[in-house]
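Peer 1: whatever this is, show me its structure:
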Amino acid sequence: MEDLSLHILDIVENAIRAQAKHVRISVREDLKQDVLSIEIEDDGAGMSEDFMRRALDPFTTTKTTSRIGLGLPLFEQAAKMCDGEFSIFSEKGAGTKVHATFRRSHIDRKPMGKISQTLITLIAGNPAVDFSYRHARENTTVQFDTQEWKRELEGVPINNPEVLRLIKKELAEILGKVGVA
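Peer 2: From the prediction side, this is the model:
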């Protein structure tokens, strides 16, 4: 995977396959501490202790179309090769939390990528799922939440093409405040 937004997309797609109804994505950049952290939390089916222990094995997957699951192992590798850490916490029936940290300035750290496009892709393809995104960088924090949009839309589908254009415009504006798009 070429950038961190694609890792986020992959992990969130796992959550959706696990029947998550709400996915929370949080990115924090601390320039003074030289840390970038990404946390993805869902309310999906969760994993058993046994499956969670094997989740970082590339030959462990819940996919029925493939015997290989590279998303979590590649995300872990991306974090660890940048002097970071990686953890998964999951409870059967209570969802999953994936957390990765990176030394922000590490030469091998992948770029954030197109976070706005990742979010638009998730919203367009999964209108029944609620997504919240929070990005903090130094003294600036921006947030986006599909639940707020759905309340304002009063029944208009969130994946309506015109609504998606408006969301894309808002994402470009708010993510620009923290230097990502």
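Peer 1: run through who's touching stretch 157-177.
Peer 2: Here stretch 157-177 makes contact (CB atoms under 8 Å, 6 or more residues apart in numbering) with 115-116, 119-120, 123-125, 127, 135, 140, 142-144, 146, 149-150, 153, 156, 181. Using the backbone N, CA and C atoms, a C-beta is placed for each residue, glycine as well.
Peer 1: just stretch 5-15 next, same as before
Peer 2: Contacts of stretch 5-15 (CB under 8 Å, 6+ apart): 1, 23, 25, 38, 40, 42, 44, 62, 71-72, 74-75, 78, 95-96, 98, 100, 110, 112-115, 117-118, 121-122, 131.
Peer 1: ok, of the contacts of stretch 157-177, which come out buried?
Peer 2: For the contacts of stretch 157-177, a burial check counting by 16 or more other CB atoms under 10 Å picks out 115, 116, 119, 120, 123, 135, 142, 144, 146, 149, 150, 181.
Peer 1: quick one: contacts for the first one?
Peer 2: Okay, so that is residue 115. Listed by CB under 8 Å, 6+ apart, the contact partners of residue 115 are 5, 8, 27, 133, 135, 171, 175, 180, 181.
Peer 1: how far is the longest helix along the chain from where the chain is centred?
Peer 2: When the chain is parsed with DSSP state H, its longest helix is helix 161-176. With CA atoms, centre = their mean, to the nearest Å as the basis, helix 161-176 stands 18 Å off its chain's centre.
Peer 1: in it, what's buried?
Peer 2: Using 16+ other CB under 10 Å as the test for burial, helix 161-176 gives 163, 164, 167, 171, 174, 175.
Peer 1: any idea which of those is closest to residue 106?
Peer 2: Ranked by distance to residue 106 (CB to CB), the buried residues of helix 161-176 are led by residue 175 at 22.2 Å.
Peer 1: what about the closest one, distance to residue 94?
Peer 2: Using CB to CB, to the nearest Å, we find residue 175 at a distance of 30 Å from residue 94.
Peer 1: with residue 26 instead?
Peer 2: 18 Å.
Peer 1: which SS state does residue 111 fall under?
Peer 2: Of the three states, residue 111 takes coil under DSSP: H, G, I helix; E, B strand; the rest coil.
Peer 1: sorry, back to before: export the contacts of residue 115 to JSON lines and tack on secondary structure?
Peer 2: Below are these laid out as JSON lines (three-state DSSP):
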{"residue": "5", "secondary structure": "helix"}
{"residue": "8", "secondary structure": "helix"}
{"residue": "27", "secondary structure": "strand"}
{"residue": "133", "secondary structure": "strand"}
{"residue": "135", "secondary structure": "strand"}
{"residue": "171", "secondary structure": "helix"}
{"residue": "175", "secondary structure": "helix"}
{"residue": "180", "secondary structure": "coil"}
{"residue": "181", "secondary structure": "coil"}
